[in-house]
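J.: could you work out the structure for the sequence below:
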Amino acid sequence: MGAAESLDFRIPSDVQYIEAVVVQVVRRCEALDFSRRHTALNVPVALTEAMSNAIQRGNRDDASRDVVVRVAIDETRLVAEVRDEGDGFDLEACTVDATSDDNLHREDGRGLFLMRKLMDRVERFHDGGNVVRLVLHRV
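T.: Coordinates of the predicted model:
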């Protein structure tokens, strides 16, 4: 197995920066022969949701606050950490089943649900800021 490739980004809390980060991460996954499903769906959707939450919920769209994205990718998995400057949240309490009748028409609460469906593991912890870690094993 080769060494992990690392990507580090620091972006202002502005959703316009999300796509450029996601494109670079997806390209690295493609170069390491992650499946088409992972590069077209799992990685871009989950990473976009994590960054959107960090910007909009964690940093409350405050452009003076940054979001830091650290990604390690190797032949076996992707580990992405998205850190904001917010206070954090309870991962279990904030994850709603978007498919339940009560939540079908809600416009919020789908990001964590999607991340957990598309990634093998989603964790939240505090490390100089609120961090969401996404882990995806290569098939």
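
J.: which helix in the chain has the most residues?
T.: Longest helix of the chain, by residue count under DSSP state H: helix 18-31.

J.: who's in contact with the following helix or strand past that helix?
T.: Using DSSP states H and E, the next helix or strand after helix 18-31 towards the C-terminus is helix 36-37. Outside helix 36-37, no residue is within contact range by Cβ atoms under 8 Å, 6 or more residues apart in numbering. From N, CA and C alone the C-beta is placed, and that goes for glycine too.

J.: quick one: helix 36-37 to chain centroid distance?
T.: Counting by Cα atoms, centre = their mean, to the nearest Å, helix 36-37 is centred 17 Å from the centre of its parent chain.

J.: who does the helix or strand just after that helix touch, helix- and strand-wise?
T.: Elements were assigned by DSSP H and E; along the chain past helix 36-37, the next helix or strand is helix 43-53. If contacts are counted by 3 or more Cβ pairs under 8 Å, 6 or more residues apart in numbering; DSSP states H and E, helix 43-53 sits against helix 18-31, strand 66-73, strand 77-84, helix 110-118, strand 130-137.

J.: between those, which gets nearest to residue 40?
T.: helix 18-31 (8.2 Å; Cβ to Cβ).

J.: buried stuff in that closest one?
T.: Going by neighbour count (16 or more other Cβ atoms under 10 Å), the buried part of helix 18-31 is 18, 21-22, 25-26, 28-29.

J.: that helix packs against which elements?
T.: Using 3+ Cβ pairs under 8 Å, 6+ apart, helix 18-31 sits against strand 5-12, helix 43-53, strand 66-73, strand 77-84.

J.: hmm, who's touching the first one?
T.: Counting by Cβ under 8 Å, 6+ apart, strand 5-12 makes contact with 17-18, 21, 24-25, 28, 32, 51, 63-74, all of which sit outside it.
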